[in-house]
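K.L.:
Quick check, what structure comes out for this input:
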Amino acid sequence: MNKQNLKIPTTIITGFLGAGKTTVIRHILENARSKRFALIINEFGDLGIDKDIITGCGIKNCNESNIMELTNGCICCTVADDFLPTMETIIDLPEPPEHIIIETSGLALPKPLVRAFNWPEIRSRVTVDGVVAVVDAPAVVSGQFAENPGAVQLQRETDDMLDHDSPLEEVFEDQILSADMVLLNKADLIDDDEVAAIREDISSTIGSAVKVLTASHGAIDPNVLLGIGAAVEYIIEDRRSHHDGEEEHDHDDFESFVLRFGVVEDLTDLEHRIKLALQDHEILRIKGFINVSKKDMRQVIQAVGPRLQRYYDRPWHANEQRQTELVIIGMTGLDRTAIVDLLTPSA
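P.N.:
Purely as a prediction, here's the structure:
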């Protein structure tokens, strides 16, 4: 068969906020360097943090022109307006990619996105090689975003406000119900018995045909995630979801905003403020970049729940504005004024 007639395989990487999707993608790029990739990154919020984290990775063949970012809304809700034109642009490149990776926002439902691969504009040229759901293993152990884990019941006994059928729960379940492979990330932060319990719980929900694997820091052999060959677009209707029969879904339960300020003199103080904000407000995640005093390198920060990670990724470019930029993602009704006052360092 003529190589031009082969469909380009596409891997959809989904998962809840802070599960480690971007880290998984970076590991793929770092360890499958002979393959020519294109990336589509769907951010929730106004600031393209995830794209900058990937392009700041220092990978030799990480071609920024092959990384496209969709920030106008959840990719599963804006298929016609954003996703399809982006896919057409990618497959019409003079040197088309050998593999496409799509990182969905943490709030995306995979099923509508997979359905889009049957649209006439692209169905003869691309195929969904597989859907990979990245799961924050410690979060599941703590009783968040899982179906019937034992920890949920323990949390119920101490929290009268816990709602098992919350929208967040349904988003999580729909992501794993659409998956060909589930990756339990951050497995190094829990013990073997907890890993076994998560495996059993997820397998009881999705069936034994879907592989449940573990990873630490998003590190897994790219040959495991790529080349599944599932052609998911042809079988997606057989995978049940909470939103079957609905034309679309909305994200009225969530909101985000960007906080920008200048140099940070005291990193310990900022980290303390961020932890207080996560504790005292309905914040799901904080991510962004820090302009650290007297440092020529940009620092990445990612925080979800009690966990916070900071690291320097690259030097500041001569032509970019050096400032601290944080995306705050949370439940609708965030007290923005209080959060901004808490996070902004004193002059």
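K.L.:
could I have the helix or strand where Asp193 lies exported to PDB, CA atoms only?
P.N.:
Element membership for Asp193 (DSSP states H and E) is helix 192-206. Provided in PDB are the C-alpha atoms of helix 192-206 (Å, rounded to 0.1, in the frame of the first residue of the first chain):
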ATOM      1  CA  ASP A 192       1.400  -2.100  46.700                       C
ATOM      2  CA  ASP A 193      -1.900  -2.900  48.500                       C
ATOM      3  CA  GLU A 194      -3.300   0.400  47.500                       C
ATOM      4  CA  VAL A 195      -2.200  -0.100  43.900                       C
ATOM      5  CA  ALA A 196      -3.900  -3.500  43.900                       C
ATOM      6  CA  ALA A 197      -7.100  -2.000  45.300                       C
ATOM      7  CA  ILE A 198      -7.200   0.700  42.600                       C
ATOM      8  CA  ARG A 199      -6.600  -1.900  39.900                       C
ATOM      9  CA  GLU A 200      -9.500  -4.100  41.200                       C
ATOM     10  CA  ASP A 201     -11.900  -1.100  41.500                       C
ATOM     11  CA  ILE A 202     -11.200   0.200  38.000                       C
ATOM     12  CA  SER A 203     -11.200  -3.200  36.400                       C
ATOM     13  CA  SER A 204     -14.700  -3.900  37.900                       C
ATOM     14  CA  THR A 205     -15.900  -0.700  36.200                       C
ATOM     15  CA  ILE A 206     -14.300  -1.100  32.700                       C
END
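K.L.:
Sheet partners, orientation included, of the longest strand that the chain contains?
P.N.:
Counting by DSSP state E, the longest strand found in the chain is strand 126-136. Take DSSP bridges as the rule and strand 126-136 pairs in its sheet with strand 8-15 (parallel), strand 181-185 (parallel).
K.L.:
possible to save those strands as a markdown table with distance to Pro112?
P.N.:
Every residue, glycine included, has its C-beta placed from N, CA and C. Converted to a markdown table, the strands paired with strand 126-136 look like this (distance: least, CB to CB, whole Å):
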| stretch | distance to Pro112 |
| --- | --- |
| strand 8-15 | 11 |
| strand 181-185 | 20 |
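K.L.:
Provide a list of residue ranges in this protein with pLDDT below threshold.
P.N.:
Applying pLDDT under 70 to the chain picks out residues 1-5, 43-82, 144-168, 207-208, 241-254, 305-306, 347.
K.L.:
Just the strands from the stretch 51-200 of the chain, written as ranges.
P.N.:
67-70, 99-103, 126-136, 181-185 (DSSP state E, counting those that start in this stretch).
K.L.:
Most tightly packed of those strands?
P.N.:
Most buried of those by mean neighbour count (mean count of other CB atoms under 10 Å) is strand 126-136; its value is a mean of 26.
K.L.:
got the angle between that strand and strand 99-103?
P.N.:
40 degrees (axes from the mean of the first three to the mean of the last three CA atoms, to 10 degrees).
K.L.:
re the thing from before, so for the helix holding Asp193, what gets flagged as buried?
P.N.:
Neighbour counts using 16 or more other CB atoms under 10 Å place 194-195, 197-199, 201-202, 206 of helix 192-206 among the buried residues.
K.L.:
Mind putting these into TSV with distance to Pro110?
P.N.:
Putting those into TSV (distance: CB to CB, whole Å) gives the following:
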residue	distance to Pro110
Glu194	26
Val195	24
Ala197	25
Ile198	20
Arg199	21
Asp201	20
Ile202	15
Ile206	13
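K.L.:
ok, those residues vs Ile122, which is closest?
P.N.:
Checking these against Ile122 by CB to CB gives Ile206 as the nearest, at 27.2 Å.
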